[in-house]
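**Q** 3D model of this:
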Amino acid sequence: MTAPTRPTPAQSGFTLLEILLSVALLSLIITLAYGSLRVAARASASGERLIERSEELRATQGFMRRQFMQVMITPFERPGDGDALNEKRFEGSADAARFVAPMPGYLSRGGAHVQELALVRDANGYSLQFRFSQLNGFDAEQGIPADVEPVVLMDGLADARFEFRGVIEGELSDWSSDWEEPWQLPAFVRLLVEFPQGDARKWPAFEVPIPAGAQNATLSFDNIRRAGAPNDPRARQAP
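**A** Numbers count the residues shown, from 1 in each chain. A predicted model of the protein is given here:
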């Protein structure tokens, strides 16, 4: 007597089409995840660069503020005729400022130094460079020696210029990109900066008093208060 046969259950599994669809879906998920990681990595790197460049701007402004506020009345050029009006204590133009001031502690080499902040045109627009030379033995005709390596404070500027403000008969003068009285110090200096289109950096209004320059003039409280108020650097042009 033979035992009754049981029906063989249908074998379950994935068809080839289902496997191919699963592999394609998995590949799509991996591709999307990898793309998201790349976007996140680029965004993180871009954010870090922006933070670094913003810190660079703050450090540059802090450095310039300290140096301008320590400008000395000591001339860096003194002709032999003894005429004080022929002495040079501050040279200023749209693209440079030269003066005498002590050096920061970490750069100190002793004594007062002739210092120069200059806007230099290069392949990427303008860069702000700092050079210095000891006042003792400084040759005004030669200027700061060419072999002095400049310190680049910031670069990639679309446009920039220095402007200066003095005191005339107790009143503050208009801003000017040329300082025409090198025998005396201006009362204020500012630097206007524009970045290229698409550059996320922002230049805060930079205006700083020169105490040694303001000491030689009598200013009313209202004038000083108005001068210290931040101005829109693009709202006023040099006369």
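
**Q** C-alpha from now on. contacts and neighbour counts both.
**A** OK.

**Q** how much space between the residue nearest the centre of the chain and residue 78?
**A** Central residue of the chain (C-alpha atoms, centre = their mean): residue 57, 3.9 Å from the mean position. Remark: distance between residue 57 and residue 78 (C-alpha to C-alpha, to the nearest Å) = 35 Å.

**Q** what's the answer for residue 185, then?
**A** Residue 185 is 15 Å from residue 78, by C-alpha to C-alpha.

**Q** before we move on, what about residue 201?
**A** Distance from residue 201 to residue 78, by C-alpha to C-alpha: 41 Å.

**Q** who's more crowded, the two?
**A** More crowded of residue 201 and residue 78, by other C-alpha atoms under 10 Å: residue 78, with 17 against 14.

**Q** what helix or strand does residue 161 sit in?
**A** strand 159-165 (DSSP states H and E).

**Q** what mean pLDDT does that strand get?
**A** Average pLDDT, strand 159-165: 97.

**Q** may I see the buried residues of that strand?
**A** By neighbour count with 16 or more other C-alpha atoms under 10 Å, strand 159-165 contains the buried residues 160, 161, 162, 163, 164, 165.

**Q** residues in contact with the very next helix or strand once past it?
**A** Using DSSP H and E, the next helix or strand after strand 159-165 towards the C-terminus is strand 167-168. With contacts defined as C-alpha atoms under 8 Å, 6 or more residues apart in numbering, strand 167-168 is touched by 173, 186, 187, 214, 217.

**Q** what's the closest non-adjacent residue to the fourth one?
**A** Spelled out, that is residue 214. Spatial nearest neighbour of residue 214, chain neighbours left out: residue 187 (4.8 Å); criterion: C-alpha to C-alpha, 6 or more residues apart in numbering.

**Q** check the gap between that neighbour and residue 165 for me.
**A** Distance from residue 187 to residue 165, by C-alpha to C-alpha: 6 Å.

**Q** please name every helix or strand in contact with whichever strand or helix holds residue 23.
**A** Element membership for residue 23, per DSSP H and E: helix 16-69. If contacts are counted by 3 or more C-alpha pairs under 8 Å, 6 or more residues apart in numbering; DSSP states H and E, helix 16-69 sits against strand 96-102, strand 151-157, strand 207-209.

**Q** got the angle between it and strand 151-157?
**A** 120 degrees (axes from the mean of the first three to the mean of the last three C-alpha atoms, to 10 degrees).

**Q** what is the mean pLDDT for helix 16-69?
**A** Taken as a whole, helix 16-69 has an average pLDDT of 77.

**Q** hmm, residue 159 and residue 124 touching each other?
**A** No. The criterion here is C-alpha atoms under 8 Å, and residue 124 misses it with residue 159 at 10.8 Å.

**Q** quick one: contacts for residue 116?
**A** 96, 97, 98, 99, 130, 131, 132 are the contacts of residue 116 under C-alpha under 8 Å, 6+ apart.

**Q** remind me which residues of the protein are low pLDDT?
**A** Filtered on pLDDT under 70, the chain yields the residue ranges 1-14, 40-54, 81-84, 105-110, 215-239.

**Q** before we move on, back to that, now the contacts of residue 116 in a markdown table, with neighbour count and distance to residue 119?
**A** Below are those laid out as a markdown table (neighbours: other C-alpha atoms under 10 Å; distance: C-alpha to C-alpha, whole Å):
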| residue | neighbour count | distance to residue 119 |
| --- | --- | --- |
| 96 | 20 | 6 |
| 97 | 22 | 9 |
| 98 | 22 | 12 |
| 99 | 26 | 15 |
| 130 | 19 | 9 |
| 131 | 19 | 11 |
| 132 | 22 | 15 |
